[in-house]
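K.L.:
Sequence and computational prediction follow.
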Amino acid sequence: RPPISTLHALDQGKRVIYLGTLSKVLAPALRIGYLIVPHDLHETFAAMKAATDRQMPIGEQAVAAEFIASGRLAAHVRRLRTLYGRRREALRAALSSHLGELLDIQDSGAGLHFMARFASTLPADTAIAREAQRRGLGVRALSTSSPLKRQLQGLIIGFANVPQERADPCAQMLADAIKAAHPHTALA
C-alpha cells in the first residue's frame with residue numbers, strides 16, 4: 001500500500017518542520033540529514049546551520065543532491081519499500097503460524113518495526129525480550145517504551161534484517177524464547 005502521508009505533507013498552515021536523514025535509505029556512514037522548513041524560516045535556519053556546523057563535506061552533498069535530482073533515490077526507495085514489505089509479511093505470517101493467538105501484531109504499514117502486544121496475560125515482556133536478544137533476535141520490550149501509567153506488555157519487532165527465508169526460523173526462535181522465559185505458556 002502507499003506510504004502514510006507525513007505531517008509536513010498534510011500541513012496546510014506551513015507550520016511543520018520536517019527532519020530526515022539519508023542514513024537509513026543509503027548508508028549510515030553518509031551522515032547527511034536534512035530539514036524542510038517553512039519558507040519564512042529559511043534564513044533563520046541557514047544562519048543557525050552556518051553558526052553551529054561547518055563540517056559537512058561539500059562533495060558528499062553534491063553527490064547526494066545529484067542522486068536525488070536524477071530520480072535514482074526515489075527508485076531505490078521504491079525497491080526498498082517492496083523488499084521490506086515482503087519481509088514484513090513473511091515475518092507476520094511466520095509469527096502467526098508459530099505463536100497463534102498469543103501475539104496481536106499491530107502494524108501501521110510504515111517503518112521497519114511492528115508492535116506485537118501479548119493477546120493473553122503473558123507477563124514480563126522484559127524477560128522475554130532479554131531471552132530473545134540472547135538468542136540473537138532484534139526485539140525490544142514494549143513496556144520500556146510505554147509512556148502510559150499502565151505498562152503495555154509486548155514486543156517491538158524489527159523485520160528489516162530478516163530475509164524472507166529466515167522468517168520462519170526467527171519466529172520459531174521467538175517462540176522458543178517465550179517458552180524459555182515462561183515455561184507454562186501454551187503456544188500454537
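P.N.:
In hand now; what should we look at?
K.L.:
Low-confidence regions, the protein specifically.
P.N.:
For the chain, applying pLDDT under 70 flags the ranges 1-3, 54, 120-123, 148-150, 185-188.
K.L.:
Would you mind giving the domain segments of it?
P.N.:
7-70, 89-181 (the TED database).
K.L.:
Leu22 and Arg130: what is the separation?
P.N.:
Using C-beta to C-beta, to the nearest Å, Leu22 is found at 33 Å from Arg130. C-beta coordinates here come from the backbone N, C-alpha and C atoms, glycine included.
K.L.:
Which of the two has more residues huddled nearby?
P.N.:
Leu22 (18 against 15; other C-beta atoms under 10 Å).
K.L.:
Make TSV from the domains of the chain and add distance to Arg78 to it.
P.N.:
Formatted as TSV, the domains of the chain follow (distance: least, C-beta to C-beta, whole Å):
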stretch	distance to Arg78
domain 7-70	11
domain 89-181	15
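K.L.:
Just list the residues touching the spatially most central residue of the chain, thanks.
P.N.:
In the chain, the centroid-proximal residue (C-alpha atoms, centre = their mean) is Leu112; its distance is 3.0 Å. Leu112 sits next to 24, 84, 158-160 when contact means C-beta atoms under 8 Å, 6 or more residues apart in numbering.
K.L.:
rerun at 10 Å
P.N.:
Applying C-beta atoms under 10 Å, 6 or more residues apart in numbering, we find Leu112 in contact with 24, 80, 84, 87-88, 138, 158-161.
K.L.:
now do Leu103
P.N.:
92, 95-96, 115-120, 122, 154-155, 157, 171, 174-175, 178, 188.
K.L.:
next SSE after the lengthiest helix in the chain?
P.N.:
Determined from DSSP state H, the single longest helix within the chain is helix 72-99. Next helix or strand after helix 72-99 toward the C-terminus (DSSP states H and E): strand 103-106.
K.L.:
how about the CA coordinates for that next one, as CSV?
P.N.:
Output of strand 103-106 as CSV, limited to C-alpha atoms (Å, rounded to 0.1, in the frame of the first residue of the first chain):
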residue,chain,number,x,y,z
LEU,A,103,0.6,-12.1,19.8
ASP,A,104,-1.7,-9.3,18.5
ILE,A,105,0.5,-7.8,15.8
GLN,A,106,-0.3,-4.1,15.2
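K.L.:
Now do Pro163 against Thr52, distance only.
P.N.:
Applying C-beta to C-beta to Pro163 and Thr52 gives a distance of 41 Å.
K.L.:
and the two? which has more neighbours close in?
P.N.:
Pro163 (13 against 8).
K.L.:
ok, now which ones touch the nearest residue in space to the more buried one that is not next to it in sequence?
P.N.:
In this structure, Pro163 finds its nearest non-sequential neighbour in Arg87, 6.8 Å apart by C-beta to C-beta, 6 or more residues apart in numbering. Arg87 makes contact with 112, 158-164, 166-167, according to C-beta under 10 Å, 6+ apart.
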